[in-house]
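Chemist: Predicted model, plus sequence, below.
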Amino acid sequence: MSAEEALAIAEEKNLDLVKIAPGANPPVCKIMDFGKYRFEKAKKEKEARKNQKIIETKEIRLSLNIDTHDFDTKINHAKRFIAEGNKLKVSIRFRGREMAHPEIGLGIMERAAQALEEVASVEKAAKLEGRQMLMFMAPKAPSKKN
């Protein structure tokens, strides 16, 4: 049908004539309430944004001479962060003469990765950057069991 006929029908029903595929031959149009369509589309987008999970990067700072109980406490905090679905940044700051022993820091990082291996995987391995050693971990995807 011609565009004029379709427009007359749309105006008669007090609706809008919307081009769905203007590039097609002939162009495809639809008679609808465009204001209602835009409102419903905005409502769906808002709902989709509300259901999105924003992933944050949480940080735990360890020290070179950390004691076992302090280490366990930090690991428990890390497990809680990962359970919430956040990524984790594990850092060690080297102060003064501690810079002479980066292998001790690497050992602590490996110990942390081992303690968290059932809930998280290492995304970026421990690396010395200036006076800090950093390691990034991400939550493991839940395994599918039948």
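Modeler: Structure's in. What do you need? Residues are numbered from 1 along each chain as shown.
Chemist: Chain neighbours aside, what residue packs nearest to residue 118?
Modeler: Nearest residue to residue 118, sequence neighbours excluded (C-beta to C-beta, 6 or more residues apart in numbering): residue 140, at 7.8 Å. C-beta: built from backbone N, CA, C; applies to glycine.
Chemist: who touches the one you found in this structure?
Modeler: Residues in contact with residue 140, defined by C-beta atoms under 8 Å, 6 or more residues apart in numbering, are 118, 119, 120, 121.
Chemist: Neighbour count says what about the residues you listed? Which are buried?
Modeler: Buried members of these, scored by 16 or more other C-beta atoms under 10 Å, are 119, 120.
Chemist: Among the contacts of residue 140, which lie within strands?
Modeler: Those of the contacts of residue 140 mapping onto strands are 120, 121, per DSSP state E.
Chemist: The contacts of residue 140 into JSON lines, with extra columns for pLDDT?
Modeler: Supplementary listing: the contacts of residue 140 in JSON lines, determined by pLDDT from 0 to 100:
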{"residue": "118", "pLDDT": "91"}
{"residue": "119", "pLDDT": "91"}
{"residue": "120", "pLDDT": "91"}
{"residue": "121", "pLDDT": "92"}
